[in-house]
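Student: Sequence plus the predicted model coming up.
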Amino acid sequence: ASSDLPSISSQETSQALATAALHLQNLETVVFPTETVYGLGALALDASAASKIFSTKGRPPDNPLIVHVSSFAMLRTLLPPDYMLSEAYQALMKHFWPGALTLLFPRNADVVPTIISANQPTVAIRMPSHPVARALIAVANAPLAAPSANTSGKPSPTRAEHVQQDLEGKTGIILDGGPCGVGVESTVVDGLHEDGNIRVLRPGGVTVEEIERVLEKEMTGHIPKVLVHRRDFRDEAIEHAPTTPGMKYRHYSPSVPVTLLFTSSSPPENTRPMTITSFINALIHSKLDEDQCKIGMMATDESKIWDHLHTASGIEWHRYSLGSVTEPAAAAHLLFDGLLTLDRAGVDQILIEEVHESREGLAVMNRVRKAAGESIWLTID
Ligand code: TXA
Ligand code: MG
């Protein structure tokens, strides 16, 4: 089914779901939409099915997968029989499930294969809210492991076309559910520490502010702190080492270089200062052949940087809006589509202006920092 069709008959949908479920039961992979990004799914409880996810994506085996469930009964089957949900987890599940929140649980080794957890004692689980994702899990009647449906290192897909362009010929069935609403991956939370605090391992669709608000409202006893990885704590185990020696670790990277631009009045950490004039000259001279250089620029609608840059001659500008600065959820929704759209438009380089690191902006900047090879602090001359 294509998202271009005005309406898809329910019969067509149930047939597509039945075919996809059969495919999964035959231990094959299926690409399906979720509210965050498209997922590359396979039966989570079958090691050989799950291993196809790693080979299709070229994913390092030390990076564990998220298991997706469609009901609380299905969640139960994955947990150790005597495991009790904490008050914090109950509050978070009540508010954010189904949705863009992934929680770590102790892994029931009798049920969840080691390949899913990459040998960790925990397993990451979420209940997606997208109706197609929920229906697929329910029809297959089995939990599905699903990372984002991209080649390892590339931006995550938020449209079926992104998957087609990236994984062409590598995966059989792609269920097209139109563009994903959230646009960045789920927030990964570890609430298993003895101190009772909530550790955000990966910021995502559910914001830290929302998590704090829910814990404050719902908890009767001590209110846990919400700690953000790299901001409030560090965890060596989740800071992946480069898997290929000599290669810079890449993540969320299109095929062309990405540069992160700051325009704050004081210099941020680890940025190279440059004046706008010297930056533009460097862009023009980075092109070795006779062709005019094509630059993709991603920024919010209110960005001042655009006024300074786009009038420069000798550059063909391609602008991709990240929406209004007042709506960080729009930037999250548009980020991966922007990177993939500009890459496909054949630009030589993509520039992204920083967004404010609050609400969904935290997840956006987390992805942008990983995608960017270089960070530059631009000053007006
Ligand atoms: O929104 C999403 O989460 C999407 C959709 C498809 O559901 N999935 C997704 O999966 O983003 P993936 O594989 O691209 O990212 C999974 C993240 C990784 O950062 C991984 O390290 C972390 O979750 N993770 C999974 N299991 C973990 C575990 N047991 N302990 C710590 N981190 C874990
Ligand atoms: Mg991913």
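Tutor: Sure, I can see it. Ligands and ions are numbered 1, 2, ... in the order given.
Student: quick one: terminal-to-terminal distance for stretch 307-315?
Tutor: One end of stretch 307-315 sits 14 Å from the other (CA to CA, to the nearest Å).
Student: For residue 276, which non-adjacent residue is spatially closest?
Tutor: Spatial nearest neighbour of residue 276, chain neighbours left out: residue 308 (5.2 Å); criterion: CB to CB, 6 or more residues apart in numbering. All C-beta spots, glycine's among them, are computed from the backbone N, C-alpha and C.
Student: Next: residue 156.
Tutor: That would be residue 148: by CB to CB, 6+ apart, it lies 3.8 Å from residue 156.
Student: Quickly list what that neighbour is bridged to.
Tutor: Beta bridges link residue 148 to residue 39, judged by DSSP bridges.
Student: buried set for stretch 337-350?
Tutor: Under the neighbour-count criterion of 16 or more other CB atoms under 10 Å, stretch 337-350 has 337, 338, 339, 340, 341, 342, 343, 347, 348, 349, 350 buried.
Student: Kindly report the same for stretch 64-78.
Tutor: 64, 65, 66, 67, 68, 69, 70, 74, 75, 78.
Student: Just put the residues you listed in TSV and tack on pLDDT and distance to residue 365.
Tutor: As requested, the buried residues of stretch 64-78 are exported to TSV (pLDDT from 0 to 100; distance: CB to CB, whole Å):
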residue	pLDDT	distance to residue 365
64	96	24
65	98	25
66	98	22
67	98	27
68	98	26
69	98	30
70	97	32
74	98	34
75	98	31
78	98	32
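Student: Next, the distance between the ends of stretch 53-69.
Tutor: In stretch 53-69, first residue to last residue: 17 Å (CA to CA).
Student: pull the CA atoms of stretch 371-381 into PDB?
Tutor: Extracted in PDB, the C-alpha atoms of stretch 371-381 (Å, rounded to 0.1, in the frame of the first residue of the first chain):
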ATOM      1  CA  ALA A 371      26.000  13.400  12.400                       C
ATOM      2  CA  ALA A 372      28.300  16.500  12.200                       C
ATOM      3  CA  GLY A 373      31.900  16.000  11.400                       C
ATOM      4  CA  GLU A 374      32.700  19.600  12.400                       C
ATOM      5  CA  SER A 375      31.300  22.300  14.600                       C
ATOM      6  CA  ILE A 376      31.800  25.900  13.700                       C
ATOM      7  CA  TRP A 377      31.100  29.100  15.700                       C
ATOM      8  CA  LEU A 378      30.200  31.800  13.100                       C
ATOM      9  CA  THR A 379      30.800  35.400  13.900                       C
ATOM     10  CA  ILE A 380      29.500  38.300  11.900                       C
ATOM     11  CA  ASP A 381      32.200  40.400  10.300                       C
END
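Student: now it, how far from the centre of its chain.
Tutor: The chain centre lies 24 Å from the centre of stretch 371-381; the measure is CA atoms, centre = their mean, to the nearest Å.
Student: Tell me if it is near ligand 2.
Tutor: No: taking CB under 5 Å from the ion as the criterion, stretch 371-381 and ligand 2 are apart, separated by no less than 12.3 Å.
Student: Please tell me how far residue 26 sits from ligand 1.
Tutor: In this view, residue 26 and ligand 1 are 21 Å apart by CB to the nearest ligand atom, to the nearest Å.
Student: and that residue, what are its phi and psi?
Tutor: Main-chain dihedrals, residue 26, degrees, to the nearest 10: phi -90, psi 20.
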